[in-house]
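A.B. asks: Sequence and predicted model, in that order:
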Amino acid sequence: MIKQRLETLPEEKATVLMATSFKQPTTMLIISIFLGGWGVDRFMLGETGLGIAKLLTCGGCGIWTIIDWFTVRNRTYEYNMKNFNEAMLF
């Protein structure tokens with residue numbers, strides 16, 4: 001589906017898509033491991049409210065942080081897909 005959309009992409013949308021910021025899932029996992037207790041991973045994925053909650057609860061006493069280690073890759077893919085779809089609608 002993505003390949004077909006990219007093949008028929010007009011030039012102005014291609015420029016917007018190239019300027020769009022995408023996150024690497026592996027990099028986000030590393031950030032989550034080292035800085036996840038402070039909610040940095042949530043802030044970087046645009047989840048400001050959850051980032052503040054995670055910061056104030058010290059990562060949910062560590063439990064929330066560990067859960068995020070296993071879910072950060074999927075959340076990163078969702079973040080990238082949301083950015084991709086927004087760029088395509090522009």
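C.D. replies: On my side now, so go ahead.
A.B. asks: The protein: helices as residue ranges?
C.D. replies: With DSSP state H as the definition, the chain shows helices at residue ranges 2-7, 11-19, 25-35, 40-44, 48-56, 58-61, 63-89.
A.B. asks: which strands and helices sit next to the second one?
C.D. replies: Using 3 or more C-beta pairs under 8 Å, 6 or more residues apart in numbering; DSSP states H and E as the contact criterion, the neighbours of helix 11-19 among helices and strands are helix 63-89. Any C-beta I mention is one placed from the backbone N, CA and C, and that applies to glycine too.
A.B. asks: Pull out the buried positions in the helix it packs on.
C.D. replies: Neighbour counts using 16 or more other C-beta atoms under 10 Å place 64, 65, 68, 72, 75, 76, 79, 80, 83, 84, 87 of helix 63-89 among the buried residues.
A.B. asks: what angle do that helix and helix 48-56 make?
C.D. replies: 160 degrees (axes from the mean of the first three to the mean of the last three C-alpha atoms, to 10 degrees).
A.B. asks: And the average pLDDT for helix 63-89 is what?
C.D. replies: When pLDDT is averaged over helix 63-89, the result is 93.
A.B. asks: angle of it against helix 11-19?
C.D. replies: Comparing the axes of helix 63-89 and helix 11-19 via the same axes, to 10 degrees yields an angle of 160 degrees.
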